[in-house]
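Student: quick one, structure for this:
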Amino acid sequence: MKVLIVQTDQTLAGTWSSHLERTGADVSIVSDQDSATRLMHIEDVDVIVLDLMLASGSALAVADFASYRQPDCRVIFVTDAPVFSDGSIFQHCANACAYLPTDTSPSDLAAMVEHYGVHCAV
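Tutor: From the prediction side, this is the model:
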């Protein structure tokens, strides 16, 4: 399973990556919209763990590009902000499968990624 983490906080991204790699995931980490879309041009991705509040670029643009370029890819949004806390993210992004607080335990995040990644690969 190929996982793309799009997260501005590289320390947090590294923590998530370590947990995901223990489950057997092949993980790439980028910090912005441009890097994410460049990667999706050359690699297939099963699951994206996507910071909703990127410092550079738009998380919604990343999700939209993934939906177009890799329609089977699922997106797990993470955020500290209350934006979309009403669940409307699922109306805006057809490929959204989860919306989690950034402080979700890395093992719980890894379990969700594994769950959605396995269902994508089937």
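Student: mind checking pLDDT for W16?
Tutor: With respect to pLDDT, W16 has a value of 96.
Student: is it true that it touches D9?
Tutor: No - in this structure, W16 is not within contact of D9 by CB atoms under 8 Å, at 9.8 Å. Quick note: C-beta positions are derived from backbone N, CA and C, even for glycine.
Student: how about residues contacting stretch 30-45?
Tutor: Surrounding stretch 30-45, the residues in contact under the criterion CB atoms under 8 Å, 6 or more residues apart in numbering are 2-8, 10, 13, 28, 48, 50, 54-59, 61-62, 65-66, 69-70, 73.
Student: of these, which belong to strands?
Tutor: Among these, the ones falling in strands (DSSP state E) are 2-6, 28, 48, 50.
Student: specify the beta-bridge partners of A98.
Tutor: I76 (DSSP bridges).
Student: what sits against it?
Tutor: By CB under 8 Å, 6+ apart, the residues touching A98 are 76-77, 112, 116.
Student: how about those residues, which pair is most distant?
Tutor: The two members of the contacts of A98 with the most space between them (CB to CB) are F77 and Y116, at 12.1 Å.
Student: which one's more surrounded, those two?
Tutor: Neighbour comparison, F77 and Y116: the larger count goes to F77, with 23 against 20 (by other CB atoms under 10 Å).
Student: what residues are up against the residue nearest to S18 when sequence neighbours are not counted?
Tutor: Among residues not flanking S18 along the chain, P106 sits closest, at 7.5 Å (CB to CB, 6 or more residues apart in numbering). Residues counted as contacts of P106 (CB under 8 Å, 6+ apart) are 15-16, 18-19.
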